[in-house]
Structures are given as C-alpha cells and as structure tokens.
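# What follows is a predicted protein model with its sequence.
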Amino acid sequence: MMAQLWKRVALGIALVGAVVLGIGVAGATRAVRVRTVLVPTAKAPKARGRTKLLLRHGARGKFVVVARGLAPNATFDVVLGGVKVGTLTTGRGGAGTLKLSTSPHGHEGLLGVDPRGSQIAVRDDAGDDDLVGEEPADDSASGACCLRDHEGETECEDLPPAACATAGGTPAPVASCLPDPCTTTPPGGEAIVCCVASSAHDGFTDEDPEVECEDVGSPADCANLGGAVVQGTSCDGNPCAPTPPATRVACCLATDEGTDECAMLTAESCAAHHGTVAAAATSCEAHPCGTNAPPGEHHDDGGDTGR
C-alpha cells in the first residue's frame, strides 16, 4: 500500500525508468540504472535534487544523491526508508553530493540497503525536509540467491527461488541482495551496524518510523533482521536515527482507487505530495481521511521499512 500511495501522489517526481543491461548466470541479475527527481518543499522552494542508482550486480552498486539550492555550508541527513544512510554537506553555493557504494573508496559511504521502493528525504538539522521523493520499485528485486562463482566465492544474485534452485544456488529468505544475505564479511572491512525501522502506527504509512540499531557481525545477519547496513563502530547514540521532524501531521493522500489514505508526514512532505492535512487530527489511528481500515489490517505493503 505504501508504495502505491507515494507513486500516485508524488506527481512532481519524474522517473527515468530502469535500463536493464546484460544478463548474468541463468538469467540472473539485470544491471539496473534508475534516476529520480526530488521534489522541493516549502522549506526550500528553490532547491533541486536528483538521485541515481546503478546496480551492476545483485550485491554491487552505487547510489548518488545530488542537491542544489540548499542552505550554504550546512549538513543534511539523507533519510532512506526512515533510516539515516548518510549526510550531505553543502558548500558556499548550497550544493552538495552524497555518494554511497557497496565497495566504498575515498569519500564514498557504504551502500547497505536496496533503495528501490523507499521514500527518500534530504533533511536539515532542524528536522525539516527540504527535498523529498520515492525511489521506484523494480521487479528484479524478486528474490536473493546465493551462488558460487568460478573462483568458489559465494555471491548474491537477484533471482526468484525456482530460478535460483535451477542455477544451483541457495535461495535466501529475503527479496533483495542489499544488504547481502550471502556474505558473513563486512564490506571493505568496515565496522557496521544494522538499522531496523518499524512504524509506530501499525497499518499506516509513517514517514518517520521508529529506528532501532542492532550490533551485528555481518550483512547476512542484518538481512535476516530486515534491516539496513550502515557504517558504525557501535550503536551508541543510535547512528541509524535521523534528525526527528519538529512536527508531523495526519496527511490525506489520494490513491489509485480514488479514495484518500492517511499518512503521518511532515507538513512540507504533505504539501509537496499534494496531500491535505486532516484538521485537528494528531494521528491516523482515528481514520481522519475516512477510508482507512483499522490498524493492523494492511498486510500487503511490505512493512513500513520502505523495503
């Protein structure tokens, strides 16, 4: 449900669809390129932003966030599926870039989660979202398969369970190769933690779910928890949690069915996605938009982690 809601209401988000190049073993991983335009909110109406996702292999890829027109000489959280995955620092002209990679080098951060289907926000230190958007989902994330390569190393490929078994691999109990469910070694020898997001409003879209930090030994451990791998030596101070928004509102968003669904969003995100604030409502639990089912009845949205 969450993905459908945001796809419908994010009218300003221009998506240049995934381009698939090359086929791996037994038709395994398709190389994917996806570009997404971010929408400026009322807090930064002159801001502009975009993202670029490149997955060359099931568990190998890069994710780049570029922003312009933000406050100069400032640091912003980049929030993906409710989890802080990195920071973006602007220069004198208000421009900044965050680069994440599954094999980080230099100034790159670690890409330890599949962005596809996740909400994204560039958030300032006051908790205001200046740029928002959603990464489009992709059918290639239909299953993770642990396969041995020619050198005897185990690698992850995006393959449905049946195709995985046919290729001689072992299906993993997750839908994506990010974080990598097939490796017990942290990428690049980096110290990592696992960020697990869970909505405080069961059955409703929540832009800022509660995010817990778990000490894990490997990406596979984090994948089994349904979390996102981020760089960190410990969970002290909870490196997973972004700056909380100053306020959130119950926002009524139009769906494909022509009805309204409730989502707990910042006021800026609600306006940027052409939603309507439910007057006098402090949560979605009272169904202020009129069409929500009781909490807990929605089980088809894949959870509120954005995964």
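Received, thanks.
# Please make it C-alpha for all contacts and neighbour counts, starting now.
OK.
# what's the burial count for Cys235?
As a burial measure, Cys235 scores 16 neighbours (other CA atoms under 10 Å).
# Test my guess that it contacts Val196.
No: with contact defined as CA atoms under 8 Å, Cys235 does not reach Val196; the gap is 11.9 Å.
# hey, what's in contact with both of these two?
Common contact partners of Cys235 and Val196 (CA atoms under 8 Å, 6 or more residues apart in numbering): Cys213, Glu214.
# Using the three-state scheme, assign Pro104.
coil (DSSP: H, G, I helix; E, B strand; the rest coil).
# low pLDDT regions in the stretch 201-307 of the chain?
Where the stretch 201-307 of the chain drops to pLDDT under 70, the residues are 201-208, 291-307.
# mind listing the strands in it by residue range?
Read by DSSP state E, counting those that start in this stretch, the stretch 201-307 of the chain holds these strands, from start to end of the chain: 205-206, 210-214, 228-231, 249-254, 260-265, 276-277.
# so which of the ones you listed comes closest to His287?
When these are compared by CA to CA, strand 260-265 sits nearest His287, at 7.1 Å.
# Now do the closest one against strand 249-254, angle only.
In terms of direction (axes from the mean of the first three to the mean of the last three CA atoms, to 10 degrees), strand 260-265 departs from strand 249-254 by 140 degrees.
# same for strand 260-265, what does it pack against?
Counting contacts by 3 or more CA pairs under 8 Å, 6 or more residues apart in numbering; DSSP states H and E, strand 260-265 packs against strand 205-206, strand 249-254.
# I'd like those as a markdown table, with mean neighbour count and distance to Ala278 appended.
Formatted as a markdown table, the helices and strands packed on strand 260-265 follow (neighbours: other CA atoms under 10 Å; distance: least, CA to CA, whole Å):
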| stretch | mean neighbour count | distance to Ala278 |
| --- | --- | --- |
| strand 205-206 | 26 | 15 |
| strand 249-254 | 25 | 6 |
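# What pairs with whichever strand or helix holds Leu55, parallel or antiparallel?
Secondary-structure assignment from DSSP states H and E places Leu55 in strand 48-57. Sheet pairing of strand 48-57 (DSSP bridges) gives strand 30-40 (antiparallel), strand 60-68 (antiparallel).
# Tabulate those strands in CSV, adding columns for mean pLDDT.
CSV is the format used below for the strands paired with strand 48-57 (pLDDT from 0 to 100):
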stretch, mean pLDDT
strand 30-40, 89
strand 60-68, 96
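# Which residues belonging to stretch 166-181 are considered buried?
Using 16 or more other CA atoms under 10 Å as the burial criterion, the residues of stretch 166-181 that qualify are 167, 169-172, 174-181.
# just those now: which is nearest Gly112?
Using CA to CA, Pro179 comes nearest to Gly112 of those, at 5.0 Å.
# Can you name the residues that contact the closest one?
In this structure, Pro179 makes contact with Ala59, Gly112, Val113, Asp114, Pro219, Ala220, Cys222, Ala223, Gly227, Ala228, Val229, judged by CA under 8 Å, 6+ apart.
# which residues of the stretch 51-200 of the chain fall in helices?
161-166 (DSSP state H, counting those that start in this stretch).
# contacting residues around the spatially closest residue to Asp129 that is not a sequence neighbour?
Here the nearest residue to Asp129 in space, its sequence neighbours aside, is Arg123; by CA to CA, 6 or more residues apart in numbering that works out to 4.3 Å. Residues in contact with Arg123 (CA under 8 Å, 6+ apart) are Phe76, Asp77, Val78, Val79, Asp129, Asp130, Leu131, Thr243.
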